[in-house]
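J.: Here is the input, now give the coordinates:
(2 chains)
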Amino acid sequence: MTANTHADDASRAEAADRGDARDRGNDVPSIDLPTAAIDALARAPSDDERSPTLAVDGFRVAFDDAGDADDAYVFETTDGRRTGLSREAFAEVAHEHAVAVADWYVFEHVVDDEGPRGAFLRWLEGATDRLDRLDDGETDAEGPDSTAVEAAIRDRYASLATGVTREWGELRITVTLADDGTRRYEIRHVDAAGIDRDHLEAHEDPRTARSIAKHDSDGRYRPLKTAPTLTAGWVFPDLDARECYETVETFYPATVANWDRERRGALDVSHWHETMARQTGIYGVIETWDRGEGHEHVEWVAETCCADSQCLKRREWEYDADTPLSVDGGDGVFPCREPCSLVVSAARQWTKLESESERTYEFDLTPSEKEQIEAIIDAVADGRVEEIREADVYEGANRYRTRFLRAKRFDDDGNLCGVPTDPDEGTDGE
Amino acid sequence: MQSLVIVAHGSHLNPDSSAPTYDHADTIREAGAFEAVHTGFWKEEPHLREVLRTVESDEVYVVPLFVSEGYFTEQVIPRELRLEGWDVDRWDSDGLSADQATLTATDTGQTVHYCGPVGTHEAMTDVVVRRAETVTDDPDVGEGFGLAVVGHGTERNENSAKAIEYHADRVRETGRFDEVKALYMDEEPEVDDVTDHFTATDVVVVPLFIADGFHTQEDIPEDMGLTDDYRTGYDVPTTVDGHRIWYAGAVGTEPLLADVVLERAADAGADVGDAVETVRRETRVAAGHP
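T.: Predicted coordinates:
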């Protein structure tokens, strides 16, 4: 039996590739399919005895062992079904459909994950069609029957040729194609978009992300990885798929796993009340802050800690499942599924502070002094203290203005307007 | 496929707290015994609640980077990892003998081999001795030297002192050092009086802490009189009351601790191949004693 090859089919397919690409003003790149991809494809029909046919997006291959074992490959695309292919002929046909074969190979054998990592890497390059189908419980692949699927793959490759960029928190991730159809990934800070690579500090090892993420631009420790304080000035210029995922996971641990759960409609949210009720030890006290008298205190916590200005996760937890918070949860791409350890630690301190009863104090201030105190609180709360210029005495939170206020209004014990904190003892009482 | 997860306390305030965890994870990763090596924290990210979600393997060995059995290893970690049916009796421990318990993580369905803390493993004694070698830059240190193993004490956890005494006893039994003492920060015998407890001129002081932080970098050096103000630093050795004090800092920063993590996992059934030998060899080189 001779290989049933159709040279015309091949040239038609190539012409179609070029034509489609021209219509969209973008070239589908030529792929130098690696031998490993051909080998994997040839093995695929016999990898699973129950399913001697591999049907994936764009094509279907089979091994027809009823006939001549040497010429038994079948390769089927929208262009037609070719049977009786020798191993060599099979490889030739695979090369003719290099884009579809490379796409299968990349996700099946290079990425090799149907979990969060695989979903994330597909999402990065806009290969979400298949994700959506899987999530909808549909078939694993369209096989060769849908020209739309094959066109979508070619479209995606045309885009990858020039680079597909997504943002993840403060990360800007660009996917490009290697000559062999596998992917390369570049990660840099979103603020470094447009900066020449040569002007950024280049890194190769994903673990370097640990030290980059450790401190903010002022050298202060970042206890919250998803705080919007990642420094810029660096680039991971050339990562493979696994390194890309590891780098993202190092900058923003567990964000992909939770994003994937949410994407599949399976995000488990632990709301405030149940999270605090779970705490023990020194954090057990927080539960007492929930007194069944409303949840305004939790609104304050969320406004304080969970705004986009403080954390890039999108808060999905509420007071409890039936009691949403009114403050904005943010617009982050990845969700926050329960109060984090920083919120828990801060809540412990607020629980203690908020157990105090209110008192009435009387201070004599000028209107400007009242406004200045408000300006100081605003500046600290918004992290603007360092921005206020040395001689800008028009700013209430300016250092000289604040020192003047202290000189005028504090007594020797540091009491505002000489008013003791504890009126009974006449001391500041801590 | 088996993966390793090293779990540790971490810190909101101290950037160095996680350093030993990452370092040992890297060492073990390079030894290649596991499909993947992950880290999870109580105060950093990924949090204990979510670390298992980042692990692709179905079989996971969890090793706590803690010095003793207690609140964290018995309550916090199993609760946050959501280990189904966990009960401290599963370890059947006398406070020093926790080895492992195999449970299912309800969150992910993974099989989790939950190991005892590194601090109570017998191999930790070797790390204490290695720490003494490192700080003195002498692979044969012992003769003419005293060794103090320092712990927090019983204030919060009685097992804390058990672990200190256990390693002090084991080092003493080797006869390598002239004198070996267990000292504490908040109970007798106190580390403040370290020189009262030794006749040897040279004394190596090894705190059984995982990470350098407030206790090991500020409290203990000041308590022992190495410095009046930790910010000004101190020499190694520093002479105090006629004794040369070789203060080692947290034992957990010693590269050989990676070996204890591996042994914990191996004791729990992990196939670590020749990784133990590799790590012992590599950390010896890393410590400057080829």
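
J.: which parts of the stretch 151-300 of chain A sit against chain B?
T.: Neighbours of chain B within the stretch 151-300 of chain A, by Cβ under 8 Å from any Cβ of the partner chain: A:207, A:210, A:214-215, A:221, A:223-226, A:249, A:253-254, A:256-258, A:261, A:268, A:278, A:280-281. For glycine as for every other residue, the C-beta is placed from the backbone atoms N, C-alpha and C.

J.: In the stretch 301-430 of chain A, what residue lies closest to chain B?
T.: A:Ser341 (5.2 Å; Cβ to the nearest Cβ).

J.: The residue lying closest to that residue once chain neighbours are set aside: how many residues sit nearby?
T.: Distances taken as Cβ to Cβ, 6 or more residues apart in numbering or on different chains put B:Lys43 closest to A:Ser341, at 5.2 Å, once the chain neighbours are dropped. Neighbour count for B:Lys43, taken as other Cβ atoms under 10 Å in any protein chain shown: 21.

J.: Verify the contact between B:Lys43 and B:Ala8 for me.
T.: No - using Cβ atoms under 8 Å, B:Lys43 makes no contact with B:Ala8, being 9.0 Å away.

J.: between these two, what contacts are shared?
T.: B:Ser17 (Cβ atoms under 8 Å, 6 or more residues apart in numbering or on different chains).

J.: Would you mind splitting the chain into its domains for me?
T.: Defaulting to chain A. A:7-159, A:163-261, A:268-353, A:357-430 (automatic domain parsing).

J.: Please refer instead to chain B.
T.: Looking at automatic domain parsing, the domains of chain B come to B:2-120+B:254-286, B:123-251.

J.: Can you give me the end-to-end span of the last one?
T.: Same thing as domain B:123-251. Distance between the boundary residues of domain B:123-251 (Cα to Cα, to the nearest Å) amounts to 13 Å.

J.: still on that earlier bit, of all the domains of chain A, which one comes closest to B:Leu262?
T.: domain A:163-261 (19.2 Å; Cβ to Cβ).

J.: So for the closest one, mean pLDDT?
T.: The average pLDDT within domain A:163-261 is 97.

J.: Then stretch B:72-91?
T.: Rounded mean pLDDT across stretch B:72-91 is 97.

J.: and it, is it in reach of chain A?
T.: Yes - using Cβ under 8 Å from any Cβ, stretch B:72-91 reaches chain A at B:75-76, B:79.

J.: now the residues you listed as CSV including neighbour count and secondary structure?
T.: As requested, the residues of stretch B:72-91 next to chain A are exported to CSV (neighbours: other Cβ atoms under 10 Å in any protein chain shown; DSSP: H, G, I helix; E, B strand; the rest coil):
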residue, neighbour count, secondary structure
B:Gln75, 14, helix
B:Val76, 21, helix
B:Arg79, 15, helix
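
J.: Relative to chain A, which of these is nearest.
T.: Distances from chain A to those, taken by Cβ to the nearest Cβ, are shortest for B:Gln75, at 6.3 Å.

J.: I'd guessed the closest one sits against A:Gln279; true?
T.: No - using Cβ under 8 Å, B:Gln75 makes no contact with A:Gln279, being 11.0 Å away.
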